[in-house]
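Peer 1: sequence isn't available, so here's the structure alone:
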């Protein structure tokens, strides 16, 4: 469909083109349901903003777009969330321009807000061992939960990747799992022996008692025999965190961060970690080097006598002399 003045009235109905964009996300991008839902919600809120101001989505100018950005920032949203919403608009208009529903891309030259820089939170190796070693009974859901926590820490999978695993994707013999990641891309991850043992026990003693539906391929099942959801997997990790006596805030993504940080601390190559995490860009993986550098600096400051202040060093010498 070529853009014409006659078509402009038709294209003002943005909801139809949000649907087209969702089709693009599913078909060409292979986006996850979570990503699609977030993009659609962002665009629906943007459409409502424009409607309140009598602006057509296919005829916006920089003044209208900057007003939208100002409204986002004034709403109290974090800079990270604002940046994501702008990224949604950028992708949407890029596709609309590519498919000739609009004559120009209004997002060209519009800068995204810089997100806050946060180092990822992670568990210490001792905390990770405490979490994975929490006592569990022999009930099907307890066996499932142990396997779930072990696999998250052993592989660094995203929670969406974890719950999408099918039984046939985990090879207990080769200690590998084939994972469907972002954009529909597949990668092979290594599964440690402890995690494999937990998965084996769960498949032998737990999963058959949960599998009410014949033919359900999912590895991790809920109590009704269906595929476990992202939300349920997060609840499992939180419950396991409480059982292990760890502080609040531990999530599946905390285990992903811990996986990457502990690999780098152990001497793993950055590009190997990038491959295992499924990062498209090495920049996404490099943030973990900042974490390990900070921890190394702390250890240096605590351990090396010449790293401390002169007064601290003097006190240390007095103590040593006693």
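Peer 2: Perfect, thanks for sending it. For clarity, every value in this text was computed on a predicted model and none was experimentally measured.
Peer 1: show me where the stretch 51-200 of the chain has helices.
Peer 2: 62-74, 79-98, 125-132, 140-155, 159-163, 193-201 (DSSP state H, counting those that start in this stretch).
Peer 1: just tell me which of the ones you listed ends up closest to residue 171.
Peer 2: Nearest to residue 171 among the helices of the stretch 51-200 of the chain is helix 193-201 (9.6 Å), distances taken as C-beta to C-beta. (Each C-beta comes from the backbone N, C-alpha and C, glycine too.)
Peer 1: same for that closest one, what does it pack against?
Peer 2: Under the contact definition 3 or more C-beta pairs under 8 Å, 6 or more residues apart in numbering; DSSP states H and E, helix 193-201 sits against helix 140-155.
Peer 1: what helix or strand is residue 239 on?
Peer 2: helix 230-244 (DSSP states H and E).
Peer 1: quick check: which ranges of the protein have low pLDDT?
Peer 2: 1-12, 113-120, 286, 288-322 (pLDDT under 70).
Peer 1: show me the strands in it, by range?
Peer 2: 170-171, 176-180, 186-190 (DSSP state E).
Peer 1: what comes up buried for the helix holding residue 239?
Peer 2: Within helix 230-244, the residues that qualify as buried by neighbour count (16 or more other C-beta atoms under 10 Å) are 230, 233, 236, 237, 240, 241, 243, 244.
Peer 1: reformat the residues you listed as JSON lines; add distance to residue 62.
Peer 2: What follows is the buried residues of helix 230-244, written out as JSON lines (distance: C-beta to C-beta, whole Å):
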{"residue": "230", "distance to residue 62": "37"}
{"residue": "233", "distance to residue 62": "42"}
{"residue": "236", "distance to residue 62": "47"}
{"residue": "237", "distance to residue 62": "44"}
{"residue": "240", "distance to residue 62": "49"}
{"residue": "241", "distance to residue 62": "47"}
{"residue": "243", "distance to residue 62": "53"}
{"residue": "244", "distance to residue 62": "52"}
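Peer 1: check contacts around residue 282.
Peer 2: 270, 271, 274 (C-beta atoms under 8 Å, 6 or more residues apart in numbering).
Peer 1: mind running it again at 6 Å?
Peer 2: residue 274 (C-beta atoms under 6 Å, 6 or more residues apart in numbering).
Peer 1: if I look at residue 72, how far off is residue 83?
Peer 2: Residue 72 is 10 Å from residue 83, where distance means C-beta to C-beta, to the nearest Å.
Peer 1: for residue 91, which non-adjacent residue is closest in space?
Peer 2: residue 39 (7.4 Å; C-beta to C-beta, 6 or more residues apart in numbering).
Peer 1: ok, now how distant is the one you found from residue 223?
Peer 2: Distance, residue 39 to residue 223, by C-beta to C-beta: 32 Å.
Peer 1: between the helix holding residue 239 and helix 125-132, how many degrees?
Peer 2: If you take axes from the mean of the first three to the mean of the last three C-alpha atoms, to 10 degrees, helix 230-244 sits at 110 degrees to helix 125-132.
Peer 1: need the contact partners of helix 230-244.
Peer 2: By C-beta under 6 Å, 6+ apart, helix 230-244 touches 130, 131, 134, 145, 148, 149, 159, 160, 163, 250, 251, 252.
Peer 1: adding distance to residue 17, write those residues out as a markdown table.
Peer 2: A markdown table is the format used below for the contacts of helix 230-244 (distance: C-beta to C-beta, whole Å):
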| residue | distance to residue 17 |
| --- | --- |
| 130 | 50 |
| 131 | 45 |
| 134 | 49 |
| 145 | 43 |
| 148 | 39 |
| 149 | 42 |
| 159 | 31 |
| 160 | 26 |
| 163 | 31 |
| 250 | 41 |
| 251 | 35 |
| 252 | 34 |
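Peer 1: nearest to residue 77 among the residues you listed?
Peer 2: residue 251 (20.7 Å).
Peer 1: please report how far the closest one lies from residue 200.
Peer 2: 26 Å.
Peer 1: what of residue 71?
Peer 2: Look at residue 71 and residue 200: by C-beta to C-beta, they are 53 Å apart.
Peer 1: residue 227 now?
Peer 2: Noted for residue 227: a distance of 20 Å to residue 200, by C-beta to C-beta.
Peer 1: tell me the domain ranges of this structure?
Peer 2: Domain assignment for the chain by automatic domain parsing gives 5-98, 125-300.
Peer 1: quick one: stretch 191-199 to chain centroid distance?
Peer 2: Centroid separation for stretch 191-199 versus its chain: 22 Å, with C-alpha atoms, centre = their mean, to the nearest Å.
Peer 1: stretch 133-152 now?
Peer 2: With C-alpha atoms, centre = their mean, you get 22 Å for stretch 133-152.
Peer 1: check which residues of that stretch are buried.
Peer 2: In stretch 133-152, counting by 16+ other C-beta under 10 Å, buried: 134, 136, 140-152.
Peer 1: what of stretch 45-53?
Peer 2: In stretch 45-53, counting by 16+ other C-beta under 10 Å, buried: 46, 47, 49, 50.
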